[in-house]
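Visitor: what's the 3D shape of this:
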Amino acid sequence: MTLTSFLIYLLAAVVLLHIPILGKYVAVIQTLIHEIGHGVMAIICGGKVKKIHLFANTEGLAFTMHANWFSRFITTLSGYVFASAFSFFSIGMITIGAYRMLLFIYVGLCLTALVLWIRNLYGFIWIVCASSVFLWLSIYGSAMLKVHILQLLTCILFAESIKSAFTILYLSIKRPKRAGDATSLAEMTKIIPAFIWGLLFFCQAVFFSYLSVNHIIQ
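Guide: This next block holds a predicted model:
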């Protein structure tokens, strides 16, 4: 992937994300990655994932159980970081031409989430459709089609990781009691306000975006 092709796909991703209904539908892929990040970290820290819900407005919920305060803290912190890091990872895979491996990773994530975690109706329908598309693409899709779809999908993740982090920063300033993970972290830490956590989420998104663009340029 060159910088020029990245910018073209990024522009296409931004346009797609602003199409009514369809834009929110494809943006849920970033929500899935975000919630899986919570789930994976909960398991690593000795907790459990009870279920994950995905919603049509691109919001999501991961219901997790934790061994202690630290486990809950790290799990709550991990969603935005995991989504940003996964965007960077995807760009890295594309720059080395590992399209088939990246596609298998998407298939694995979707099937794992489908079997183990997704439990609400919209989430179930969405993950079945996504899994079917990825499986079809991995079996029947041409090499060129895989390149186009995966580059577009990666740019969707790139754009959404920044947008969602900016949104949580904005909410942490305007409505600190309703700022999702930033609010949860503020309640857990007591002395660190939601705004600081929102700013942290946004800064890490910008940092991973910088790493991604720098990786493409090199």
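
Visitor: how about the strands in this protein?
Guide: In the chain, strands defined by DSSP state E lie at 48-54, 60-65, listed in chain order.

Visitor: Tabulate those (CSV), appending mean neighbour count, distance to C203 and mean pLDDT.
Guide: From N, CA and C alone the C-beta is placed, and that goes for glycine too. Output for the strands of the chain, formatted as CSV (neighbours: other C-beta atoms under 10 Å; distance: least, C-beta to C-beta, whole Å; pLDDT from 0 to 100):
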stretch, mean neighbour count, distance to C203, mean pLDDT
strand 48-54, 19, 26, 94
strand 60-65, 19, 22, 93
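
Visitor: Dump those to a markdown table, plus distance to A130.
Guide: Output for the strands of the chain, formatted as a markdown table (distance: least, C-beta to C-beta, whole Å):
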| stretch | distance to A130 |
| --- | --- |
| strand 48-54 | 10 |
| strand 60-65 | 14 |
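
Visitor: I127: which of the ones you listed is closest?
Guide: strand 48-54 (7.2 Å; C-beta to C-beta).

Visitor: Which residue is most remote from the mean position of this protein?
Guide: No residue in the chain sits farther from the centre than I191, which is 28.2 Å out by C-alpha atoms, centre = their mean.

Visitor: And that residue, its phi and psi?
Guide: phi -100, psi -10 (degrees, to the nearest 10).

Visitor: any idea how far it lies from R100?
Guide: Distance, I191 to R100, using C-beta to C-beta, to the nearest Å: 48 Å.

Visitor: what's the answer for T31, then?
Guide: Distance from T31 to R100, by C-beta to C-beta: 25 Å.

Visitor: One more: I52?
Guide: Computed as C-beta to C-beta, the I52 to R100 distance reads 27 Å.

Visitor: swap in L121?
Guide: 32 Å.

Visitor: Show me the helices in the chain, by range?
Guide: Along the chain, the stretches classed as helices by DSSP state H are 3-17, 22-44, 69-95, 99-116, 121-140, 143-174, 181-189, 194-217.

Visitor: Buried residues, the last one. List them.
Guide: Pointing back at helix 194-217 there. Within helix 194-217, the residues that count as buried by 16 or more other C-beta atoms under 10 Å are 194-195, 197-202, 204-205, 208-209, 211-213, 216.

Visitor: packing partners for that helix?
Guide: In terms of contacts (3 or more C-beta pairs under 8 Å, 6 or more residues apart in numbering; DSSP states H and E), helix 194-217 is packed against helix 3-17, helix 69-95, helix 143-174, helix 181-189.

Visitor: Compare those helices and report which one is nearest to G37.
Guide: The nearest among the helices and strands packed on helix 194-217, by C-beta to C-beta, is helix 69-95 at 2.5 Å.

Visitor: What helices and strands are in contact with the closest one?
Guide: Using 3+ C-beta pairs under 8 Å, 6+ apart, helix 69-95 sits against helix 22-44, strand 60-65, helix 99-116, helix 143-174, helix 181-189, helix 194-217.

Visitor: Just the buried residues of stretch 156-168, please?
Guide: Buried residues in stretch 156-168 (16+ other C-beta under 10 Å): 156-165, 167-168.

Visitor: Dump that stretch to CSV, restricted to CA.
Guide: Coordinates of the C-alpha atoms in stretch 156-168 are reproduced here as CSV (Å, rounded to 0.1, in the frame of the first residue of the first chain):
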residue,chain,number,x,y,z
ILE,A,156,-12.7,2.1,7.7
LEU,A,157,-11.1,0.9,10.9
PHE,A,158,-8.5,3.7,10.7
ALA,A,159,-11.1,6.4,10.3
GLU,A,160,-13.4,5.0,12.9
SER,A,161,-10.7,4.5,15.5
ILE,A,162,-10.0,8.2,15.3
LYS,A,163,-13.6,9.3,15.1
SER,A,164,-14.7,7.1,18.1
ALA,A,165,-11.8,8.4,20.2
PHE,A,166,-12.6,12.0,19.4
THR,A,167,-16.3,11.3,20.2
ILE,A,168,-15.4,10.0,23.6
